[in-house]
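J.: Provided below for reference: sequence and predicted model.
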Amino acid sequence: MAINSEQPIKFSPLHRLQWEEAQEKYIILYPEGMVELNQSSAEILKCCDGSKNLGQIVAELEEKFAATGLTNDITAFLEVALQNGWIQQ
Amino acid sequence: MAGSNSNKITPPRWLLAELTYACPLQCPYCANPIDYAKVQSELSTDDWKRVLSQARKMGAVQLGFSGGEPLTRKDLPELVKHARDLGYYSNLITSGYGLTEEKIIQLKEAGLDHIQVSIQASTQELNDHIAGTTSFENKKAVAKLVKKHGYPMVLCVVIHRENIHQMPEILAMAEELGADYLELANTQYYGWAHANRDLLLPTKEQFEQAEKIAQAFKETVAGKMKIYYVVPDFYEDRPKACMNGWGTTFLTIAPDGVALPCHSARELPGLDCPNVNDFSIEQIWNESKTFNFFRGLEWMKEPCKSCDEKEKDFGGCRCQAYLLTGDMYNTDPVCSKSPNHGVIDQAINDAKASALSGSEKPLVFRNSQNSKKLSGA
């Protein structure tokens, strides 16, 4: 499954992204399961609000973390996220 | 006692709130204890709220409202709202009986995250027979309403000898109803299912045939429907890693407030399971004899003790060891390394003989009358 770079990306309404104080981590919750996220994965998913496409998400994160060349890493993670149904286009 | 050890205690993550033993259905594989009719008291709304708050504070986040039929509790929407305010991801585990569209909307507004509807078979006749109640058409209507109101729809079908031949039709039904998740739960033989095992346990050939069909279907619906296949451990070589290890992840609270490391642990002797009326969840989880009993690996006997897989399956299920070998410290007899493994072969043979005999005794349905009769109450 590949990300369409034109279309906006949104977090799935059938999942929930939530900060867990007890673990000091973001987690994804869904029926019968949960996934713990590392910080960078959580930052990417928080950008998936349905208003931005891939390029805009990359730009926002590169600015936020004063970094460049994040396109490949972010794309790879979003493809996994799409495969798992965490995000939609 | 078994579990005085120095293992680091991890916080509970999953809480199963069995709100009541009352249920309009009579499924003969119900996971509730055989003697449930002896339990007369139920926690109050305030008790449940306190339990939810305390467990959440420790780290519990996945919450199942179960029973019996949790919809029989009038305070369900209030408890759902409390759970949402605390940040739980909550699931209503229901027969669908009595679940109106109005209630579905009300629970959504209260913050319920998903609804798991059980269906007993793919035909009305068999569904209503197994459920002991006319319920098939209602369940299908409920499944559609759950979907309509934006919940992830989880369909749960318990698989056993009476319905395993319907696997293709069950899968087609799940697709037609638009299930986002399908749980194909091969019966686990505790409680009522243990009592009815000769009539419920399919043959190995039946299992393999059904599993093949389910696996092929899984590929055709990839990306649309997620399938959870609960394995039939009687036909496995190694036991399940029951509850992800005792007292590591799961916490069950029974209707009367008894706290359990798994929903069957009430059947084990000498555990003195604590009650939430007497202790906080933190005390129960960290300090009680019950939750420390089989924590870690120190309690093990051979062949588990020297087994290189003990950290993978934790010796399997304590309740199964007790039910089938009479000693809860034994290796789960499902394991082919268990000296008691013969009891599994015996169970399989007995069930097969029963199926072939043509004069099977009837299923014992789960209701108060049978509960009292079987437990001598």
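T.: It's in. Residues are numbered from 1 along each chain as shown, chains lettered A, B, ... in the order given.
J.: List the residues that contact residue 71.
T.: No chain specified, so I'll use chain A. A:Val58 (Cβ atoms under 8 Å, 6 or more residues apart in numbering or on different chains). C-beta here means a position set from N, CA and C on the backbone, and glycine is covered the same way.
J.: wrong one, I was asking about chain B
T.: Neighbour list for B:Leu71: B:92, B:94, B:97-99, B:103 [criterion: Cβ under 8 Å, 6+ apart].
J.: Just the buried ones from these?
T.: Buried subset of these (neighbour count, 16 or more other Cβ atoms under 10 Å in any protein chain shown): B:92, B:94, B:97, B:99, B:103.
J.: which SS class is B:Ile115?
T.: Under the three-state scheme (DSSP: H, G, I helix; E, B strand; the rest coil), B:Ile115 adopts strand.
J.: Could you measure from B:Pro239 over to B:Glu125?
T.: 36 Å (Cβ to Cβ, to the nearest Å).
J.: One more: B:Ser354?
T.: When B:Ser354 is compared with B:Glu125 (using Cβ to Cβ), they lie 22 Å apart.
J.: what do you get for B:Asp256?
T.: Here the criterion is Cβ to Cβ. By it, B:Asp256 lies 36 Å from B:Glu125.
J.: between B:Ser354 and B:Glu125, which one's more packed in?
T.: Neighbour totals were compared for B:Ser354 and B:Glu125, and B:Ser354 leads with 18 against 9 (other Cβ atoms under 10 Å in any protein chain shown).
J.: Tell me the confidence at the more buried one?
T.: In the predicted model, B:Ser354 carries a pLDDT score of 90.
J.: Please, which helix or strand holds it?
T.: If you go by DSSP states H and E, B:Ser354 is part of helix B:342-357.
J.: Quick check: mean pLDDT of the following helix or strand past that helix?
T.: Note on helix B:342-357: by DSSP H and E, the next helix or strand toward the C-terminus is helix B:368-375. The average pLDDT within helix B:368-375 is 94.
J.: Check which residues of stretch B:172-180 are buried.
T.: B:173-174, B:177, B:179-180.
J.: swap that for stretch B:208-224, sorry
T.: Within stretch B:208-224, the residues scored as buried using 16+ other Cβ under 10 Å are B:210-211, B:214, B:217-218.
J.: same thing with stretch B:14-29?
T.: B:14-23, B:25-29.
J.: isn't B:Trp14 right up against B:Met243?
T.: No - using Cβ atoms under 8 Å, B:Trp14 is not in contact with B:Met243, being 9.1 Å away.
J.: Need the residues touching each of the two.
T.: Going by Cβ under 8 Å, 6+ apart, residues that sit against B:Trp14 and also against B:Met243 are B:249-250.
J.: give me the residue from chain A nearest chain B.
T.: Residue nearest to chain B within chain A: A:Ala22 (3.5 Å; Cβ to the nearest Cβ).
J.: Contact partners for that residue?
T.: Counting by Cβ under 8 Å, 6+ apart, A:Ala22 makes contact with B:11, B:57-59.
J.: ok, of those residues, which one's closest to chain A?
T.: B:Gly59 (3.5 Å).
J.: That closest one reaches B:Leu15, doesn't it?
T.: No - using Cβ under 8 Å, B:Gly59 makes no contact with B:Leu15, being 10.1 Å away.
J.: Which entries in the contacts of A:Ala22 are shared with the contacts of chain A?
T.: Among these, proximity to chain A is found for B:11, B:57-59 (Cβ under 8 Å from any Cβ of the partner chain).
J.: List only buried entries from those residues.
T.: Buried among the ones next to chain A among the contacts of A:Ala22 by 16+ other Cβ under 10 Å: B:11, B:58.
J.: will you turn the buried residues of stretch B:172-180 into JSON lines that also has pLDDT and distance to B:Gln369?
T.: Output for the buried residues of stretch B:172-180, formatted as JSON lines (pLDDT from 0 to 100; distance: Cβ to Cβ, whole Å):
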{"residue": "B:Met173", "pLDDT": "96", "distance to B:Gln369": "32"}
{"residue": "B:Ala174", "pLDDT": "97", "distance to B:Gln369": "33"}
{"residue": "B:Leu177", "pLDDT": "95", "distance to B:Gln369": "33"}
{"residue": "B:Ala179", "pLDDT": "96", "distance to B:Gln369": "34"}
{"residue": "B:Asp180", "pLDDT": "94", "distance to B:Gln369": "38"}
